[in-house]
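*Asks:* just a sequence and a predicted model for now, questions to come.
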Amino acid sequence: MKAIPTIQKYMTVMPHTIGSDQTLAKAEQMMSEYRIRHLPVLSGGRLVGILTDRDVRLVESFKDVDPEKVTVDEAFTPDPFVTSPGSPLNEVCAEMASHKMGCALVVDNHKLVGIFTWVDALKAMGHLMETRLKN
């Protein structure tokens, strides 16, 4: 039986990030340009949370919210799910599924090194099915 791969094999390395002092308009522009739904949030170079497209839509749905003036700091989710590059793929996927999380942030030595989204999980599943279950 083959060993379970680690999250490092399937994560997206060097994810795009945004500063907590940036505007929601900037976050939206980045998400659109890079075709992503999750932006790790940094403050002073330190990971402080995650901003999702849902977070942005929710805050912008409030009356009198100007995305050019509201900052990421007012919309992001603190304490995101963080894992290490060596974490087993099955454990990370199970944790994401049980808490209905869209991503896991991958940190090594207190530094953000990757992001693992449900899209990455689907790619991993496809790859594993092709390589391990094929006749």
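*Replies:* Thanks, I have the structure now. Residues are numbered from 1 along each chain as shown.
*Asks:* how distant is stretch 112-119 from the center of its chain?
*Replies:* Centroid separation for stretch 112-119 versus its chain: 5 Å, with CA atoms, centre = their mean, to the nearest Å.
*Asks:* need the contact partners of it.
*Replies:* With contact meaning CB atoms under 8 Å, 6 or more residues apart in numbering, stretch 112-119 is reached by 7-8, 10-15, 17, 37-38, 40, 42, 47, 83, 85, 92, 96, 102-107. Just so you know, the C-beta spots here come from the backbone N, C-alpha and C atoms, and that holds for glycine as well.
*Asks:* how many neighbours does the residue nearest to Ile18 when sequence neighbours are not counted have?
*Replies:* Counting by CB to CB, 6 or more residues apart in numbering, the nearest residue to Ile18 once its immediate chain neighbours are dropped is Leu39, at 4.6 Å. Leu39 has 28 neighbours, counted by other CB atoms under 10 Å.
*Asks:* name the secondary structure element that contains Leu39.
*Replies:* Take DSSP states H and E as the rule and Leu39 turns out to sit in strand 38-43.
*Asks:* buried residues in that strand?
*Replies:* For strand 38-43, the neighbour count (16 or more other CB atoms under 10 Å) marks His38, Leu39, Pro40, Val41, Leu42 as buried.
*Asks:* distance of the second one from Met30?
*Replies:* Read that as Leu39. Distance, Leu39 to Met30, by CB to CB, to the nearest Å: 6 Å.
*Asks:* intersection of neighbour lists for those two?
*Replies:* Counting by CB under 8 Å, 6+ apart, the contacts common to Leu39 and Met30 are His16, Ile18.
*Asks:* lowest-pLDDT helix or strand in the chain?
*Replies:* Averaged element by element with mean pLDDT, DSSP states H and E, the chain has its least confident helix or strand at helix 118-132 (a mean of 91).
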